[in-house]
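> Output the structure for:
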Amino acid sequence: MSSSKPKIYLDTNILVYHLMWKPQKLAQQSGRLLLDIEKGRYTGTITTWTRAEFLGVVKTFLAQSNNRNPSTEEMLGAEKMLTDLISELGLELQDADVLASQAGQTRLFAESDKILRNSSVVQQTDGRWTAIGGADSIHCVLAQRSGAQELVTFDEDFRGVSIQGVRTLIVRERY
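So this is what the prediction gives:
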């Protein structure tokens, strides 16, 4: 992939909304973003942390939708959907363990704690107040270590975060 394209780190919600097609408006917006990746406007990257979080969200979604624990086949189907999307779009799948233990940068949790402590609580467009949580602060560190220029998300609470070298793009503001 060309290094001249901006590299964007996809938050898990981009993949969840696109592949689960709920809510429909957010699925359409994530689809437009992913189409830009497919067209070569961006290099998209995710990590194994993103994949694990995706599978956890899907597991909960399937359980709530079907009022039962998802079967192994359903979970393998969800994992295949994600793997196929990664392949179709040419997304980089970076190993979060490798990013967490890069030479001289082994303090993933200390850095995510610092991001969390320095973040601001923000008021969303619907009036609710929100702040990033622990999982999202880890995404911030992984986005930075992945070499991404932007972290792309639907979560408005990322407005209260400053990540050195990484801008935040709220999807609904551009798509």
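
> Point me to the helix or strand that includes residue 138.
helix 134-146 (DSSP states H and E).

> and if you look at residue 32?
Residue 32 belongs to helix 24-38, assigned by DSSP H and E.

> Other residues contacting that helix?
Helix 24-38 is contacted from outside by 8, 13-15, 17-18, 20-21, 42-44, 85, 88-91, 152, 154, 171-172, 174-175, using CB atoms under 8 Å, 6 or more residues apart in numbering. Quick note: C-beta positions are derived from backbone N, CA and C, even for glycine.

> export it as PDB, just CAs?
Output of helix 24-38 as PDB, limited to C-alpha atoms (Å, rounded to 0.1, in the frame of the first residue of the first chain):
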ATOM      1  CA  GLN A  24     -29.000   1.700   9.800                       C
ATOM      2  CA  LYS A  25     -27.900   5.300   9.600                       C
ATOM      3  CA  LEU A  26     -24.600   4.500  11.300                       C
ATOM      4  CA  ALA A  27     -24.200   1.400   9.100                       C
ATOM      5  CA  GLN A  28     -24.600   3.600   6.000                       C
ATOM      6  CA  GLN A  29     -22.100   6.200   7.300                       C
ATOM      7  CA  SER A  30     -19.500   3.500   8.200                       C
ATOM      8  CA  GLY A  31     -20.100   2.000   4.700                       C
ATOM      9  CA  ARG A  32     -19.200   5.300   3.000                       C
ATOM     10  CA  LEU A  33     -16.000   5.500   5.100                       C
ATOM     11  CA  LEU A  34     -15.100   1.900   4.200                       C
ATOM     12  CA  LEU A  35     -15.800   2.700   0.600                       C
ATOM     13  CA  ASP A  36     -13.200   5.500   0.800                       C
ATOM     14  CA  ILE A  37     -10.700   2.900   2.100                       C
ATOM     15  CA  GLU A  38     -11.600   0.600  -0.800                       C
END
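
> Good, we can wrap up now.
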